[in-house]
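> structure, please.
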Amino acid sequence: MNPTLESLVRLQQAENDLRRVETELLAVPRAKAEMQARVAEERGRLDAARAALDSGQKARKQHETEVQDLETKRSKYKGQLMDVKTNKEYTAMLHEIEAVEREIRSREDQILAEMERAEGLTAEVKREEALFKSVEEQGRAEAKVFDARVGELQAEAQRLAAERDKVAVSVPEDAMELFKRVAKLRGTGVSPAVDAMCTLCHMKLRPQMWVDLKKNDQIFQCPACSRVLFYEPPVPEVHPPL
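Predicted structure coming up:
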């Protein structure tokens, strides 16, 4: 292979390897944020379940207080029955007592409803606590993996950058300018050619150009995307012995 072409191919491979690692490195914070969002979401569900249980308990206590006040009121009315002078007043007092007793029954029904609701909410809180604990522990484990992976990727990126720079030194200045110009425009400066076609822009090459390109002894650029082309022979098929 032409030495300059070989250097460009190696440079592009080094760039691809470095870009792959840098892309993975950038993905780690996003993955970590998604994990933290899952933990926060589960925490929100747990907090909501606890808040609902607490609200129900407060409502129940409020109803119980109201029942006590109504019972006091009923006792007061019953005490006043002895002091009424007429049947009309007596009947009116009985109606007042009946009204209070209806209110008491209504509050007692609400207390029972809150007690039943509290049973379900208590069970829900326990489920959410167990689920949150599981998700939180998983999150801590994933965070350690993410942190360790960041260190590994940073070290690999430094190594690959050094290799890329080392390869770049071997590329002639004019070829390097061509590579940089095309890479800035297209994202990559070199493309393998397979089956008489640029594999990145899919431009079909002229037959004579394909014949000459397969020799890999000079610099050819894709007529469509301007990337430097090189021929990559197909991997020979290995057939197991019969």
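> can you list the residue ranges for strands in this structure?
Here the chain has its strands, by DSSP state E, at 190-194, 197-198, 220-221, 228-231.
> residue 5: which of these is closest?
For the strands of the chain, distance to residue 5 was read as Cβ to Cβ. The smallest value, 5.8 Å, belongs to strand 228-231. C-beta: built from backbone N, CA, C; applies to glycine.
> contacts for the closest one, please.
1, 5, 8-9, 178-179, 182, 189-193, 198, 205, 213-216, 219-222 (Cβ atoms under 8 Å, 6 or more residues apart in numbering).
> one more: stretch 200-219?
Residues from elsewhere that reach stretch 200-219 (Cβ under 8 Å, 6+ apart): 1-2, 4-5, 8, 175, 186, 188, 191, 193, 196-198, 220, 222-225, 227-231.
> which among these count as buried?
Burial by neighbour count, 16 or more other Cβ atoms under 10 Å: within those this picks out 4-5, 8, 175, 186, 188, 191, 193, 196-198, 220, 222, 225, 227-231.
> how's the protein carved up into domains?
Structural domains assigned to the chain are 3-169, 173-231, following automatic domain parsing.
> what about the closest residue to residue 179 other than its chain neighbours, how many residues nearby?
Of all residues not flanking residue 179 in the chain, residue 189 sits nearest, at 3.9 Å (Cβ to Cβ, 6 or more residues apart in numbering). Other residues within reach of residue 189 by the criterion other Cβ atoms under 10 Å amount to 23.
> can you check the one 5 residues further on too?
Residue crowding around residue 194 was assessed by other Cβ under 10 Å; the count is 12.
> now do the contacts for the closest residue to it other than its chain neighbours.
Counting by Cβ to Cβ, 6+ apart, residue 232 is the residue found nearest to residue 194 once chain neighbours are left out, at 6.3 Å. For residue 232, the contacting residues are 192-194, taking Cβ under 8 Å, 6+ apart as the criterion.
> go on, residue 56?
With Cβ under 8 Å, 6+ apart, residue 56 has these contacts: 114, 117-118, 121.
> just to revisit the earlier point, which phi and psi does the residue nearest to residue 179 have?
Backbone torsions for residue 189, taken as degrees, to the nearest 10, come to phi -100, psi -10.
> the helices in the protein, which residues?
Along the chain, counting by DSSP state H, helices occupy 3-80, 87-169, 173-186, 207-213.
> quick one: which of the contacts of residue 56 is nearest residue 17?
residue 121 (54.9 Å).
> from residue 46, how far off is the residue lying closest to that closest one once chain neighbours are set aside?
Beyond its immediate neighbours in the sequence, the residue positioned closest to residue 121 (Cβ to Cβ, 6+ apart) is residue 53, lying 4.1 Å away. The spacing between residue 53 and residue 46, counted by Cβ to Cβ, to the nearest Å, is 11 Å.
> more neighbours: those two, which one.
residue 46 (21 against 18).
> count the neighbours of the spatially closest residue to that one that is not a sequence neighbour for me.
Excluding the flanking residues, the one nearest residue 46 by Cβ to Cβ, 6+ apart is residue 128, at 4.2 Å. If you count neighbours by other Cβ under 10 Å, residue 128 ends up with 19.
> make 193 the first number, not 1, from now on.
Got it, first residue is 193 now, which makes that one residue 320.
> relative to residue 334, how far out is residue 320?
Per Cβ to Cβ, residue 320 is found 20 Å from residue 334.
> likewise for residue 258?
50 Å.
> residue 330: neighbour count?
14.
> whoops, residue 275 was the one
A count of neighbours around residue 275, defined by other Cβ under 10 Å, yields 8.
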